[in-house]
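Student: Any chance you could fold what I've pasted below:
(chains A and B)
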Protein chains: 2
Amino acid sequence: MRSCYTGQVSTDQLDQVVTLFGWVHRRRDHGGVIFIDLRDREGLAQVVCDPDRAQMFQVAERVRNEFCVRITGKVRRRPEGTENPNIRSGQIEVLCHELEILNASVTPPFQLDDENLSETTRLTHRVLDLRRPAMQKNLMLRYRVAMEVRKYLDALGFVDIETPMLTKSTPEGARDYLVPSRVNAGQFFALPQSPQLFKQLLMVAGFDRYYQITKCFRDEDLRADRQPEFTQIDCETSFLSETEIRAIFEDMIRTVFRNAIGEELPAPFPQMPYAEAMRLYGSDKPDLRVKLEFTELTDAMKDVDFKVFSGPANAEGGRVVALRVPGGAEMTRSEIDGYTQFVGIYGAKGLAWIKVNDAGKGREGLQSPIVKNLHDAAIAAVLERTGAQNGDLVFFGADKAKVVNDAIGALRVKIGHSDFGRRNGLFDDHWKPLWVVDFPMFEYDEENARWVAVHHPFTAPKDGHEDLMETDPGRCVAKAYDMVLNGWEIGGGSVRIHREAVQSKVFGALKIGPEEARAKFGFLLDALQYGAPPHGGIAFGLDRIVTMMAGADSIRDVIAFPKTQRAQCLLTQAPSPVDEKQLRELHIRLRQVEAPKA
Amino acid sequence: MRSCYTGQVSTDQLDQVVTLFGWVHRRRDHGGVIFIDLRDREGLAQVVCDPDRAQMFQVAERVRNEFCVRITGKVRRRPEGTENPNIRSGQIEVLCHELEILNASVTPPFQLDDENLSETTRLTHRVLDLRRPAMQKNLMLRYRVAMEVRKYLDALGFVDIETPMLTKSTPEGARDYLVPSRVNAGQFFALPQSPQLFKQLLMVAGFDRYYQITKCFRDEDLRADRQPEFTQIDCETSFLSETEIRAIFEDMIRTVFRNAIGEELPAPFPQMPYAEAMRLYGSDKPDLRVKLEFTELTDAMKDVDFKVFSGPANAEGGRVVALRVPGGAEMTRSEIDGYTQFVGIYGAKGLAWIKVNDAGKGREGLQSPIVKNLHDAAIAAVLERTGAQNGDLVFFGADKAKVVNDAIGALRVKIGHSDFGRRNGLFDDHWKPLWVVDFPMFEYDEENARWVAVHHPFTAPKDGHEDLMETDPGRCVAKAYDMVLNGWEIGGGSVRIHREAVQSKVFGALKIGPEEARAKFGFLLDALQYGAPPHGGIAFGLDRIVTMMAGADSIRDVIAFPKTQRAQCLLTQAPSPVDEKQLRELHIRLRQVEAPKA
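Tutor: Got it, this is the predicted structure:
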């Protein structure tokens, strides 16, 4: 029927008669001739409708933007000077013989090439929004990425096995989406937050290598890079070490980048222990494109008069760091004020700074509201440890470690990405992958006064760290690893516990008693008793990976039908009220919703 | 690490030292030597543990069934007479040098090769059940089928695009699984019964060719071949005719059968209009392996004295048919009584029959309780139209057409599959695919006194049948088609409506008023206005296809973690009660559940 996609007509078909299907992207009347830019998913082709052919021309006169048409015509070279080198069909045009309107279109609510549409408009009219070449490209890229992943894993003997969507609620981690059961009154399924336990069970069942590209669900308040349902490339393998597992998946990501977008990632990816990432960047997913690092000053500020520094320096869990910004002395006061406001978002109560005008002059060469509060040794430590040069600016963070890490970590990225940062060579615009390794097993949850798992409770401790789980949980290191790319965590995984005794010990450290452990995870503990193999794996966020590859602003730009930040689908109006009969069948009723306050 | 999978060791590695991982399938002590059948997902290998190597032998003595072990050893030829031609490694054995227990196993609750396990036992201990070679094979086959589908569709330019799992409830068709929204109090998402509308929207958005292998959900009471969540190979394409669409997907299925299990399906698949399938087999998914057909007798029985026949023959919507069973005269009275009971399941009030002892003698040559009630012309019609020969048996069905079709249709299959049927050449044990085409658009729902869509309300009528939707809905034929294989509907699809006016007309015929149509399907009606392309597609049931290929008894045998017929997961105990806090966050509460009656 169709000779080829519209976007693929080229000089290969010169003088041939072709049949094309597509949409009228633009229609121009020019010197009595009608030009139609015909569009399909592969691109555009120029169709020339000449008044010679009266019947066809009458149809062409009726055609408007977004009409769906079939054309038959002869491929010819465009007149010299009218070629378009940017598109595949740019050397040719199609002289139209026949034109059929397959379906008319009312006038669209916006121009498809309008770059300034609000997200509300785009999501409400998502079908038209998806017709835009950028969105077509994004979703085709998404498919290519998924397919490349499949090809890579297939060749290594990984097997895609589907795990259930209707599964058990285990209120650990994020909030579950629940599904009331009709047959089992008063009981609920949960949608999976990840297939974690099922993939481990598949390893115990002997499938050896598993993967799945699957939807996961978290009922959390949404941020820019989160959706209620998101897609995970979920992988697990038996009988391999942490290093061997990482090698496979690093090569997978490298291969996918190469084959899907022709980009070469560095080989091998650098590795950095979690502790070092926190020390240097205040983040376990540092954006290594930004060439700024923290300088540790906690020990140097213990005895300064300046309470803003000495307080956190002496407090348990406090931290004082500097962030040297080469060339930063050129920043204006209002720029610095802007950054002070910015770090406030992350809980920092202020943002101390020193401009280094003349490092050789010591105290005299510095411009800063805080220098007077620091003794000479402290100033020397700042200059020496940061290596600050004339013309640099040094920012300071001093607070609880978490606040310092979050605030100065975010500041680091903010400055690096700014015009200032790019102008001053603080931003290296290349792919910067990184393995962050040696995560702690546990972190202390102050609010609930207990240890919680950093990764998840099924992660194995480093060899020799088993006893630390009881004696000193904070020092226990896990066989866990994250793959970070340009500041985004794109994958996370671990070697899992394959011995029931170790798993019980972890539950113990997490204050999950034997009864609770059995009620929630009995099936896992049982499975581990039957010769469970050593195993481990990783899960990648497909949405994020494709967003980065596409250079898109949001993961919503690589998802066909995403939800808003209020978890709504503006296209179909989901969620929506349902019939009372449906609720009755599910043995639930609505709670009284308070009337909105007047 | 591993030299190869255990099941893949062969004479290729003769005299080589190999490292293998796996599970102890069987362990035999024979003349002071320990033999271990080591198992992994690819099969078994025989490992010989000789007491010469004392340290290794001590470990071998501790090893029990289902222990997970690593072995290193030398591949050698098995002694003559001990080869096993049934397995790949059957010519060799591995002389064990090193044996490491990676994980011990408690004694399993059953032998893995026990063929008589109850389904409850299997689903409760699913992880062990999945270790059984048959289950390993089934799930590996399932993967191979899915991957072959992807390869085929990828080559044709089909693009896998993910559609939402949290979507809108549209209480048409089956019952929805609902998901309460936390953010939008009192509102609910529904899990998709199929991505039907989203794939149509993707066509309108210009993606041209779409597929997805995805979970669908129906909260229905479960039968043997149903699960609450099931997997659909969902496909849609633009700009192709009904014939072209069928050709693609027929070839896809043929290719998948060839590549996944090496079976060749007939080419082309035969086609049969719906009306003919009902006439000959009383079913829209006839099992063509069974070489029995209905004979229409309604018109011949209008004036017989026998009310059991003349009643339905004269009633509106009644039907009288014969089913000739060649060689059936040998059936005993108790066999016939068994079939009489059987058709009762389908609502038949009895099962009339005639044994043909000597057809030449007319009435005298027949043995039957009903012959005396039939006049000569009726008997002549039976003998002539059925073509009954000496030694045949003729069964009769007379009732409302639906009862006759269901009962005699089931009887036809039952006899065909019986030992009698196989012995008498009534069962042709080959793959018998079939396209059933020309489905009616609507069928009358007596209970609710209205027309309902046979396929779904988005199916296009045959060209020229548009007006019948208003004037005579029962005669309106759809561009709908089912792919049937050996009596199972494995796929169903249609050309869709791509014009808003036609879609509104269908909603009209279904008594879905304009307001209701807008509330439920406004986004579709809107989309159709913007130059929607002609499009159509099909959806296949992956679970069913794999079940048939595997020769499994139930779709539960090709699903890793299926639900029981009470929609429960016996492994994880889902569904389960949830915390009051979770319900409160979702703005719902449980209804009072009535105490079970004493």
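Student: Now do the helix ranked longest in chain A and helix B:133-155, the angle between them.
Tutor: The residue-count maximum for a helix in chain A (DSSP state H) belongs to helix A:133-155. Interaxial angle of helix A:133-155 relative to helix B:133-155 (axes from the mean of the first three to the mean of the last three C-alpha atoms, to 10 degrees): 140 degrees.
Student: which residues are contacting the helix or strand just after helix A:133-155?
Tutor: Going down the chain from helix A:133-155, the next helix or strand is strand A:159-160, by DSSP states H and E. Contact with strand A:159-160 is made by A:150, A:153, A:207-213, B:139-140, B:143, B:146-147, as judged by C-beta atoms under 8 Å, 6 or more residues apart in numbering or on different chains. Every C-beta, even on glycine, is put in place using the N, C-alpha and C of the backbone.
Student: mean confidence for strand A:159-160?
Tutor: Average pLDDT, strand A:159-160: 98.
Student: elements contacting the following helix or strand past that strand?
Tutor: Next along the chain after strand A:159-160, taking DSSP H and E as the criterion, comes strand A:178-180. When contacts are defined as 3 or more C-beta pairs under 8 Å, 6 or more residues apart in numbering or on different chains; DSSP states H and E, strand A:178-180 packs onto strand A:188-190, strand B:178-180.
Student: Apply 10 Å and report the result again.
Tutor: Counting contacts by 3 or more C-beta pairs under 10 Å, 6 or more residues apart in numbering or on different chains; DSSP states H and E, strand A:178-180 is packed against strand A:188-190, helix A:580-585, strand B:178-180, strand B:188-190, helix B:580-585, strand B:588-590.
Student: mind checking which of the ones you listed is nearest A:Gln565?
Tutor: Closest approach to A:Gln565 among the helices and strands packed on strand A:178-180 is made by strand B:188-190 (16.1 Å; C-beta to C-beta).
Student: Next SSE downstream of the closest one?
Tutor: Downstream of strand B:188-190, the first helix or strand assigned by DSSP H and E is helix B:196-204.
Student: Which parts of that next one count as buried, going by neighbours?
Tutor: By 16 or more other C-beta atoms under 10 Å in any protein chain shown, the buried positions in helix B:196-204 come out as B:196-204.
Student: and the angle from that helix to helix A:133-155?
Tutor: 120 degrees.
Student: Remind me what helix B:196-204 packs against, helices and strands.
Tutor: Helix B:196-204 is packed against helix A:126-130, strand B:209-217, strand B:229-238, helix B:514-528, strand B:535-541, with contacts defined by 3+ C-beta pairs under 10 Å, 6+ apart.
Student: Any chance of TSV for the ones you listed, columns distance to A:Leu571 and mean pLDDT?
Tutor: TSV is the format used below for the helices and strands packed on helix B:196-204 (distance: least, C-beta to C-beta, whole Å; pLDDT from 0 to 100):
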stretch	distance to A:Leu571	mean pLDDT
helix A:126-130	5	97
strand B:209-217	17	97
strand B:229-238	17	98
helix B:514-528	5	93
strand B:535-541	18	98
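Student: Return the residues in contact with A:Asn357.
Tutor: Shown here is A:Asn357, whose contacts under the criterion C-beta atoms under 10 Å, 6 or more residues apart in numbering or on different chains are A:329, A:364-367, A:390-392.
Student: And the helices and strands packed on strand A:178-180: which comes nearest B:Ser504?
Tutor: Closest of those to B:Ser504 is strand B:188-190, at 23.8 Å (criterion: C-beta to C-beta).
Student: returning to that earlier point: just the angle between the longest helix of chain A and strand B:209-217, please?
Tutor: Relative orientation of helix A:133-155 and strand B:209-217, computed by the same axes, to 10 degrees: 70 degrees.
Student: Using CSV, list the CA coordinates for helix A:133-155.
Tutor: Backbone C-alpha positions of helix A:133-155 (Å, rounded to 0.1, in the frame of the first residue of the first chain) are rendered in CSV as follows:
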residue,chain,number,x,y,z
PRO,A,133,8.2,15.5,16.1
ALA,A,134,10.1,16.0,19.4
MET,A,135,7.7,13.7,21.2
GLN,A,136,7.7,11.2,18.4
LYS,A,137,11.4,11.1,18.6
ASN,A,138,11.4,10.7,22.4
LEU,A,139,9.1,7.7,22.4
MET,A,140,10.8,6.0,19.5
LEU,A,141,14.1,6.5,21.3
ARG,A,142,12.5,5.0,24.4
TYR,A,143,11.6,1.9,22.4
ARG,A,144,15.0,1.7,20.9
VAL,A,145,16.6,1.8,24.4
ALA,A,146,14.3,-0.9,25.7
MET,A,147,15.0,-3.1,22.7
GLU,A,148,18.7,-2.6,23.0
VAL,A,149,18.5,-3.6,26.6
ARG,A,150,16.6,-6.7,25.7
LYS,A,151,19.0,-7.7,22.9
TYR,A,152,22.0,-7.3,25.2
LEU,A,153,20.5,-9.3,28.1
ASP,A,154,19.1,-11.9,25.8
ALA,A,155,22.6,-12.6,24.4
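Student: And it, what's buried?
Tutor: Neighbour-count burial for helix A:133-155 [16+ other C-beta under 10 Å]: A:133, A:135-136, A:138-139, A:141-154.
Student: ok and the residue in the stretch 301-450 of chain A nearest chain B?
Tutor: A:Asn448 (14.2 Å; C-beta to the nearest C-beta).
Student: For the helices and strands packed on strand A:178-180, give me TSV that also has mean neighbour count.
Tutor: Output for those, formatted as TSV (neighbours: other C-beta atoms under 10 Å in any protein chain shown):
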stretch	mean neighbour count
strand A:188-190	28
helix A:580-585	14
strand B:178-180	27
strand B:188-190	28
helix B:580-585	14
strand B:588-590	18
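Student: B:Val321 is nearest to which of these?
Tutor: Closest to B:Val321 of these is helix A:580-585 (C-beta to C-beta; 38.7 Å).
Student: can you tell me the average pLDDT over the closest one?
Tutor: Mean predicted lDDT for helix A:580-585 stands at 94.
Student: For it, which outside residues touch it?
Tutor: Contacts to helix A:580-585, defined as C-beta under 10 Å, 6+ apart, come from residues A:180, A:182-183, A:185, A:577, A:579, A:588-590, B:169, B:171, B:175-176, B:178, B:180, B:188, B:190, B:219, B:588, B:591.
Student: export that helix as PDB, just CAs?
Tutor: C-alpha atoms of helix A:580-585 as PDB (Å, rounded to 0.1, in the frame of the first residue of the first chain):
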ATOM      1  CA  GLU A 580     -21.600   3.000  44.600                       C
ATOM      2  CA  LYS A 581     -22.200  -0.500  43.300                       C
ATOM      3  CA  GLN A 582     -18.500  -0.900  42.500                       C
ATOM      4  CA  LEU A 583     -17.600   0.100  46.100                       C
ATOM      5  CA  ARG A 584     -20.100  -2.200  47.600                       C
ATOM      6  CA  GLU A 585     -18.700  -5.200  45.600                       C
END
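Student: Three-state assignment for the residue of the stretch 301-450 of chain A closest to chain B, please.
Tutor: Judged by DSSP: H, G, I helix; E, B strand; the rest coil, the three-state class of A:Asn448 is coil.
Student: And for A:Thr243, the neighbour number?
Tutor: Neighbour count for A:Thr243, taken as other C-beta atoms under 10 Å in any protein chain shown: 10.
Student: so the nearest residue to A:Phe342 once chain neighbours are set aside is in which element?
Tutor: Excluding the flanking residues, the one nearest A:Phe342 by C-beta to C-beta, 6 or more residues apart in numbering or on different chains is A:Lys414, at 6.1 Å. With secondary structure defined by DSSP H and E, A:Lys414 is part of helix A:401-417.
Student: who does that helix touch, helix- and strand-wise?
Tutor: Helix A:401-417 packs on helix A:274-281, strand A:294-296, helix A:307-314, strand A:318-325, helix A:333-344, strand A:393-400, helix A:419-423, going by 3+ C-beta pairs under 10 Å, 6+ apart.
Student: relative to strand A:393-400, how tilted is that helix?
Tutor: With the same axes, to 10 degrees applied, the angle from helix A:401-417 to strand A:393-400 works out at 160 degrees.
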